[in-house]
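Visitor: Curious how this folds, go ahead:
(one chain, ligands or ions: 1)
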Amino acid sequence: AEEQRHEFVIQEASVRRLCKARSIVTANGQYPGPAVEVSEGDSLVVSVVNNATYNITIHWHGVRQMRTGWADGPEFVTQCPIRPGQSYTYRFTVAAQEGTLWWHAHSSWLRATVYGALVIRPRDPVPYPFEFHGEIAPIMFGEWWDMNPIDVIRTATRTGAAPNISDALTVNGQPGDLYSCSSQDTTVFAVKSGETNLLRFINAALNTELFVSLAGHTMTVVGADASYTKPYNTSVLVLGPGQTTDVLVTFDQPPGQYYLAARAYASAQGVPFDNTTTTAIFDYGASGTASPSMPTLPAYNDTATVTAFTTSLCNLHAVELPSVVDEDLFFTVGVGLFNCSAAQNCGGPNGTRFAASMNNVSFVLPSTVSLLQAHYQGDGAANGVFTADFPANPPVQFDYTAQNVSRGLWQPVPGTRLYKLKYGSVVQIVLQGTNIFAGENHPIHIHGYDFYILAEGFSNFDASTDTAKFNLHDPPMRNTVGVPVNGWAVIRFVADNPGVWLMHCHLDVHITWGLAMAFLVEDGVGELQSLGAPPPDLPIC
Ligand code: C2O
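Guide: Numbering: from 1, shown residues only. Reported below is the predicted structural model:
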């Protein structure tokens, strides 16, 4: 195992998209940011120098961070932001994970432009569990706004209204040639006829779940979220924000050019979304090609295709699941509304402002210290930075999918409430989508953990019948699960990583609105003293 060193200089750079130039925040002037490549077992030392005018942190999405919570990165959870002119060095090991992850800013909406791939190859001489000729560079989907995305979310936060939808979807930072002004900048991937390549897909979009297809070619899924899956052949992939999918493609079609295309899966009824299509070109290098052929993508509301995809992913290996569950938890996830006074004149539906919650708690970040540091110093709950009383099992059961639930019952209450887990406990969470404002698929991500997805379904989770659907044999392991629109998903993991770990919806607008909570996994050694002292350069608020 090696130590890999990188420097990310956070700096503003001018880029031109959709006929307009705009200054964006970047890592090293690159958009998307630099790819980080490691072999399993390597350690990473990444010093982040903030030369931009915004506060920032970097999160290593999906990296387990075993006992290295100080390097996880979400602002005010494991560290205070790196202020302009300051720097912080992230030190951690990437172990027992192979495949594709990514890194992104975890501060306001900066991840719109500050993100990159994290490729984890098997360590020498460990083979891949499949065969291929070569790799295509990581394929990252994103979203582009004509306005500065930080201003977009600041405006929405001020008014209480929903933020503007993006103006384009992107592949590796380029909208592609279906947009005007974009034809010169389409991303092209060169392939060789007859070869089988490994493609690594990452959905780095802020607020958009995606369907992805490659014209004329079958994709064989072999991994997701840096965990191998049983090979699964499909013509369409589904990726929620935060998720990755590794696929094999054999370039066995008549030589020519083929579009890779991605478009939104928009599960919420009547909610505006970016309905544009981003494209890249796979090019066999044949001369005199006609225009590329276009794949057929599912309709924006094709939930059946989403279900067919997600329920087809199985772990490559048989899994030994702990059968006794120590913590049997039930979390609702959904978007609700706060009341506003007439004077406030909020911009949400009927003069309200949008809010989102888990178990009706709309998560509020602290602003003077990170949750991890507050707890490490033994004053987390005591000095009022947080309370350790997240209502993990709501006292009242409602019909969560009914839109006629009285708003008074489900008007989220703001709070910084953590849930304590004992080190080593077996945790199962039923994630139940609600339908207070609109039913929606929510990509729920947990920091510091991978989890098994045991089952998913629609309507209200019913323990008396739905536990029979649990896959206890080869459930896929992921770090982000799509909780189906008007439905539920059940996940299980062992709380084997001490620290403070954020759990949230990876639609960024929902985390802004409070669709988050945090776990406090205790190590039995005082207040997480086994983690060791914070690094000397850890930013303080
Ligand atoms: Cu990919 Cu909390 O993040």
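Visitor: Give me the distance from stretch 20-35 to the chain's centre.
Guide: If you compare the mean C-alpha spot of stretch 20-35 with that of the full chain, they lie 20 Å apart, counting by CA atoms, centre = their mean, to the nearest Å.
Visitor: check whether it contacts the ligand.
Guide: No: applying CB under 6 Å from any ligand atom, one finds stretch 20-35 out of contact with the ligand, separated by at least 13.9 Å. Placement of C-beta: from N, CA and C, glycine included.
Visitor: In that stretch, which of the residues would be classed as buried?
Guide: R22, I24, V25, T26, A27, N28, Q30, Y31, P32, G33, P34, A35 (16 or more other CB atoms under 10 Å).
Visitor: For the stretch 51-200 of the chain, give me the ranges with low pLDDT.
Guide: Along the stretch 51-200 of the chain, the model assigns pLDDT under 70 to no residue.
Visitor: need the residues of it near the ligand, please.
Guide: Going by CB under 6 Å from any ligand atom, the residues of the stretch 51-200 of the chain near the ligand are H59, H61, P74, H104, H106.
Visitor: let's see it at 8 Å
Guide: Contacts of the stretch 51-200 of the chain with the ligand, taken as CB under 8 Å from any ligand atom, map to H59, H61, G62, P74, W102, H104, H106, R111.
Visitor: contacting residues around G448?
Guide: By CB atoms under 8 Å, 6 or more residues apart in numbering, the contact set of G448 is R64, Q65, G69, D72, N497, G499, W501, V521.
Visitor: picking up where we left off before, and of the residues of the stretch 51-200 of the chain next to the ligand, the nearest to the ligand?
Guide: Checking those against the ligand with CB to the nearest ligand atom, the nearest one is H61 at 3.7 Å.
Visitor: Need the nearest residue in space to that closest one, chain neighbours excluded.
Guide: The shortest distance from H61 to any non-neighbouring residue, by CB to CB, 6 or more residues apart in numbering, is to W102 (5.2 Å).
Visitor: I figured that neighbour was touching T244, is that so?
Guide: Yes: counting by CB atoms under 8 Å, W102 does reach T244; the two are 6.7 Å apart.
Visitor: Provide the count of other residues in contact range of the nearest residue to W144 once chain neighbours are set aside.
Guide: Using CB to CB, 6+ apart and skipping the chain neighbours, the partner closest in space to W144 is A168 (4.4 Å). Residues within reach of A168, counting by other CB atoms under 10 Å, total 21.
Visitor: so how far is V114 from A168?
Guide: 18 Å (CB to CB, to the nearest Å).
Visitor: V306 - that's part of a helix, no?
Guide: Yes: applying DSSP: H, G, I helix; E, B strand; the rest coil, one finds V306 inside a helix.
Visitor: Ramachandran coordinates for A71?
Guide: Backbone torsions for A71, taken as degrees, to the nearest 10, come to phi -100, psi 10.
Visitor: give me every residue that touches it.
Guide: By CB under 8 Å, 6+ apart, the contact set of A71 is W60, Q65, T78, Y90, R91, F92.
Visitor: Could you list the low-confidence segments of this structure?
Guide: 287-289, 379-383, 395-410.
Visitor: Grab the longest helix from it for me.
Guide: Identified as the longest helix of the chain according to DSSP state H is helix 149-159.
Visitor: Which strands or helices does that helix pack on?
Guide: Helix 149-159 sits against helix 508-512, with contacts defined as 3 or more CB pairs under 8 Å, 6 or more residues apart in numbering; DSSP states H and E.
Visitor: In the stretch 301-450 of the chain, what residue lies closest to the ligand?
Guide: H445 (5.2 Å).
Visitor: Tell me if I'm right that that residue and L507 touch.
Guide: No: using CB under 8 Å, H445 is not in contact with L507, being 10.2 Å away.
Visitor: hmm, back to that, go ahead and confirm the residue nearest to W144 touches A112.
Guide: No: using CB under 8 Å, A168 makes no contact with A112, being 11.9 Å away.
Visitor: Could you pull out the residues contacting both of these two?
Guide: Joint contacts of A168 and A112 (CB under 8 Å, 6+ apart) are E143.
Visitor: and stretch 219-230, how far apart are its ends?
Guide: 13 Å (CA to CA, to the nearest Å).
Visitor: ignore the last one, stretch 357-364
Guide: Span of stretch 357-364 from end to end, CA to CA: 10 Å.
Visitor: can you count the residues close to the residue of the stretch 151-300 of the chain found nearest the ligand?
Guide: Closest approach between the stretch 151-300 of the chain and the ligand, counting by CB to the nearest ligand atom: G242, at 4.7 Å. Using other CB under 10 Å, G242 is surrounded by 28 other residues.
Visitor: again with A226
Guide: 27.
Visitor: ok, and the closest non-adjacent residue to it?
Guide: Nearest one to A226, counting by CB to CB, 6+ apart, is G99 at 3.7 Å.
Visitor: Contacts only, for that neighbour.
Guide: I120, R200, G223, A224, D225, A226, S227, Y228, T244, D246.
Visitor: and the gap between the second one and Y258?
Guide: Which is R200. From R200 over to Y258 (counting by CB to CB), the distance is 18 Å.
Visitor: so which strand or helix has the residue lying closest to P138 once chain neighbours are set aside?
Guide: Leaving aside its chain neighbours, P138 sits nearest to A117 (3.6 Å; criterion: CB to CB, 6+ apart). Counting by DSSP states H and E, the element that carries A117 is strand 115-121.
Visitor: ok, then the element right after that strand?
Guide: strand 134-135.
Visitor: Could you list the paired strands of that following strand along with their orientation?
Guide: strand 196-203 (parallel) (DSSP bridges).
Visitor: Can you give the distance of the strand it pairs with from its chain's centre?
Guide: The answer for strand 196-203 is 17 Å, by CA atoms, centre = their mean.
Visitor: and it, which residues are buried?
Guide: Neighbour count says strand 196-203 has N197, L198, L199, R200, F201, I202, N203 buried, by 16+ other CB under 10 Å.
Visitor: do the same with stretch 301-320
Guide: The neighbour-count check on stretch 301-320 (16+ other CB under 10 Å) flags 302-303, 305-307, 309-311, 313-316, 319 as buried.
Visitor: quick one: which of those residues is nearest C346?
Guide: T303 (30.5 Å; CB to CB).
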